[in-house]
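Participant: mind folding the following:
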Amino acid sequence: MALEYRLFSQIDLADPFFDSLKNDYKEFTEWFNKKAAQGECTYVFYSDNGCLDGFLYLKTEDEAVSDVVPILPAHMRIKVGTFKINAHGTKLGERFLKKVFDHALDRQINEIYVTIFDHHQSLINLFGSYGFQLVAHKTTPNGREGVYLRRVRHTPYVDPMQSYPLVNLASSTPYMLALMPEWHTRLLPDSMLVNENARIIQDVSHTNSIHKVYLGAIPGMNRLTPGTPIVIYRTTDNQGPAEYRSVATSICVIEEYRHLSSFQSKDEFLRYCGPYSVFTEPELNDFWDRRRYPHVIRFSYNVALNRRPTRQQLADEVGIDRTLRWSLVPLTPAQLLNIARLGQIDESLIVY
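Facilitator: You can find the predicted model right below:
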């Protein structure tokens, strides 16, 4: 099922999903009903059997956070007002976090914060793995919560996860990696070639996650080491000249490269690929049996370009050699920055 943006008034507060929130926050029912009366919306996730499994409410603030110690000075921030998931071995928490970062990027806001009770250790660990740090405490009649803050930009680069969605050009040669339209659409739904002005609100393919696993047979893919930035290049769909239908769509960062032969068994291979791959299990079984795609890369999906530079622009304005086969092309840092500018993304996301 999809992550949906719904009115509070369309959500059943009596659903047992909300019981733990009502226990943690005595005022939760009153707060929920107030949001419903105000016509506000929130993200929800329903499982395939129709059960509510996730709830995410985000709020934009610009005042000081004065009910915490120490006080957070006035600043534009995204507040993660409510974040709850029922984990069933899925990556729903990461999908929700991607939505949090998407909101911050879309609104050009640098700070995100969330308050979490100490007994929700798994939630603390999830936010901590993406760089959220304990900066204050909040004490209410409900108990004491930690206040966890993350700055999106203008912060030292740590690694692809802790610093997501930043892209670091300082230590690796960037590349442009070609994907055929069939795989591109499945893998990177935010980068489909349609006018998606409501991209942040509507979303929402099951493939919308921070981490991706992709298999390929392009020579040289073993050079894609952890931290390597990659520009995703969607090849032509043959609906028009390739000069205008082949486009750069996204900037991602390699987290790990593995050769198919590094897996000791099919079960190990399926366990590795399954949670993050958009390939079906029959497809993965076929890939393993036929050994057609020996290169396995895991990468983070950092930025979808707001404008998609065409092959013509990539050649004429970025300087990518037309005589090369554009399957896996090394780029200079200047070329990646030029693609970012043509893509009209926030250049402060690029560290160099």
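
Participant: am I right that residue 301 sits in a strand?
Facilitator: Yes: counting by DSSP: H, G, I helix; E, B strand; the rest coil, residue 301 is found in a strand.

Participant: for stretch 95-102, the distance to its chain's centre please.
Facilitator: When distances are taken as Cα atoms, centre = their mean, to the nearest Å, stretch 95-102 is centred 6 Å away from the chain's centroid.

Participant: for stretch 219-230, same thing?
Facilitator: Going by Cα atoms, centre = their mean, the spacing between the C-alpha centre of stretch 219-230 and its chain's C-alpha centre is 20 Å.

Participant: put the alpha carbons of it into PDB.
Facilitator: Coordinates of the C-alpha atoms in stretch 219-230 are reproduced here as PDB (Å, rounded to 0.1, in the frame of the first residue of the first chain):
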ATOM      1  CA  PRO A 219      31.900  -2.800 -17.100                       C
ATOM      2  CA  GLY A 220      33.700  -0.700 -14.400                       C
ATOM      3  CA  MET A 221      30.900  -0.800 -11.800                       C
ATOM      4  CA  ASN A 222      33.400  -2.200  -9.400                       C
ATOM      5  CA  ARG A 223      34.900   1.300  -9.200                       C
ATOM      6  CA  LEU A 224      31.800   2.500  -7.400                       C
ATOM      7  CA  THR A 225      33.200   2.600  -3.900                       C
ATOM      8  CA  PRO A 226      31.400   3.800  -0.700                       C
ATOM      9  CA  GLY A 227      30.900   7.600  -0.800                       C
ATOM     10  CA  THR A 228      31.100   7.900  -4.600                       C
ATOM     11  CA  PRO A 229      28.500  10.400  -5.900                       C
ATOM     12  CA  ILE A 230      26.500   9.200  -8.900                       C
END
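
Participant: now that stretch: average pLDDT?
Facilitator: Within the predicted structure, the mean pLDDT of stretch 219-230 is 95.

Participant: in it, what counts as buried?
Facilitator: 221, 224, 227, 228, 229, 230 (16 or more other Cβ atoms under 10 Å). For every residue, glycine as well, the C-beta is placed using N, CA and C.

Participant: could you do stretch 130-143 as well?
Facilitator: Neighbour counts using 16+ other Cβ under 10 Å place 130, 131, 132, 136, 138 of stretch 130-143 among the buried residues.

Participant: before we move on, back to that, can you put the buried residues of stretch 219-230 in CSV and add secondary structure?
Facilitator: Rendered in CSV, the data for the buried residues of stretch 219-230 read as follows (three-state DSSP):
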residue, secondary structure
221, helix
224, coil
227, coil
228, coil
229, strand
230, strand
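
Participant: wait, what's in contact with residue 169?
Facilitator: Contacts for residue 169 (Cβ atoms under 8 Å, 6 or more residues apart in numbering) come out as 229, 333, 336, 337, 350, 351, 352.

Participant: returning to what we had before: just the closest of the buried residues of stretch 130-143 to residue 173, please.
Facilitator: The nearest member of the buried residues of stretch 130-143 to residue 173, counting by Cβ to Cβ, is residue 131 at 24.8 Å.

Participant: ok, that closest one - contacts?
Facilitator: Listed by Cβ under 8 Å, 6+ apart, the contact set of residue 131 reads 150, 158, 161, 162, 163, 164.

Participant: how close does the last one sit to residue 77?
Facilitator: Separation of residue 164 from residue 77 (Cβ to Cβ, to the nearest Å) stands at 18 Å.
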